[in-house]
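Trainee: Provide a 3D model corresponding to the input given below.
(one chain, ligands or ions: 2)
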Amino acid sequence: QIKAFLFDLDGVIVDTAIYHYQAWKRLANELGFDISVEFNEGLKGVSRMESLDLILAHGGLTLSGEKKNELAAQKNEWYLELVSRMNSDDILPGVATFFSQVRKAGLQTALGSVSKNAPLILERIGMTEAFDAIIDGTKISKGKPDPEVFTKGAEELEVNPNECVVFEDAVAGVEAGKRAGMFVVGLGAAHVLIQADLVALSLENLTVQEVLSKAE
Ligand code: B16
Ligand code: MG
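Mentor: Ligands and ions are numbered 1, 2, ... in the order given. Below is the predicted model of the structure:
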């Protein structure tokens, strides 16, 4: 029986992927190269430092740990400038309706994000109270596709992995949910999120009953 829904943040509740992309692109450009939208797909759900490593490798650069910390801090500063303008209008379509159905169904909720900025973003959009547990980048040591973020979520809610459904838009996140032993709903394109148990375009295209009927 399903007892909890675990949600990714970026791409599921809000679209911060665009801001991450803009900030990383700005950094790459300053370093003398560019990153494409396609390349950015591979950064979704990946931690800040791992993302930087992928970007530097893409640009053919090898830098010292000190320089990398500096660049990661610079990217985060640009990212926070963009995020600081967010408000409840940035909540993705269908999220509010879906969450009211979740509550009516008596399910528990957790956030499973590898972003260290997740609590700040939840505050900005006024959704902190919507979650019974919040797992963010400060509580984990490994980013997606490692299952840690979702395993910790289940632990905090005191439920078993097979009682959880994960909602994810990223390839790495879907893999993390599967490795945690959970039912995974992929939000996006079915040919991209091939590991997901169920795929829909967004939460707007789903009902809680539909998810429960497939997951149970
Ligand atoms: P930060 P999620 C992830 O969030 C993003 O998808 C990924 O692009 C980002 O690098 C990562 O958080 C770390 O974010 O730099 O804010 O700590 O998808 O797990 O909600
Ligand atoms: Mg995501």
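Trainee: residue contacts, the closest residue to Asp15 other than its chain neighbours?
Mentor: Excluding the flanking residues, the one nearest Asp15 by Cβ to Cβ, 6 or more residues apart in numbering is Leu92, at 6.3 Å. The way it works is simple: take the backbone N, C-alpha and C, and place the C-beta from them, glycine included. When contacts are counted by Cβ atoms under 8 Å, 6 or more residues apart in numbering, Leu92 touches Val12, Ile13, Val14, Asp15, Ser202, Leu203, Glu204.
Trainee: Which residue, other than its chain neighbours, is closest to Glu175?
Mentor: Pro145 (3.8 Å).
Trainee: count of residues packed around Arg26?
Mentor: Using other Cβ atoms under 10 Å, Arg26 has 14 neighbouring residues.
Trainee: Quick check: it touching Asn76?
Mentor: No. Contact status for Arg26 versus Asn76: not in contact, 11.9 Å apart, counting by Cβ atoms under 8 Å.
Trainee: Confirm Ile121 sits in a strand?
Mentor: No. Using DSSP: H, G, I helix; E, B strand; the rest coil, the assignment for Ile121 is helix, not a strand.
Trainee: doesn't Leu9 make contact with it?
Mentor: Yes. Counting by Cβ under 8 Å, Leu9 is a contact partner of Ile121 at 6.5 Å.
Trainee: which residues are in contact with both of the two?
Mentor: Counting by Cβ under 8 Å, 6+ apart, the residues touching both Ile121 and Leu9 are Thr16, Ser115.
Trainee: just checking, what packs against the helix or strand of the chain with the lowest mean pLDDT?
Mentor: Counting by mean pLDDT, DSSP states H and E, the weakest-scoring helix or strand in the chain turns out to be helix 37-41, with a mean of 93. Judged by 3 or more Cβ pairs under 8 Å, 6 or more residues apart in numbering; DSSP states H and E, helix 37-41 is in contact with helix 17-30.
Trainee: tally of neighbours for the nearest residue to Phe150 once chain neighbours are set aside?
Mentor: Excluding the flanking residues, the one nearest Phe150 by Cβ to Cβ, 6+ apart is Ala180, at 4.1 Å. Around Ala180 sit 23 other residues, with neighbours defined as other Cβ under 10 Å.
Trainee: separation between Ala180 and Tyr21?
Mentor: 26 Å (Cβ to Cβ, to the nearest Å).
Trainee: repeat for Val95
Mentor: 21 Å.
Trainee: can you check Thr97 too?
Mentor: 27 Å.
Trainee: out of those two, which sits in the more crowded spot?
Mentor: Using other Cβ under 10 Å, the more surrounded residue of Thr97 and Tyr21 is Tyr21, with 19 against 14.
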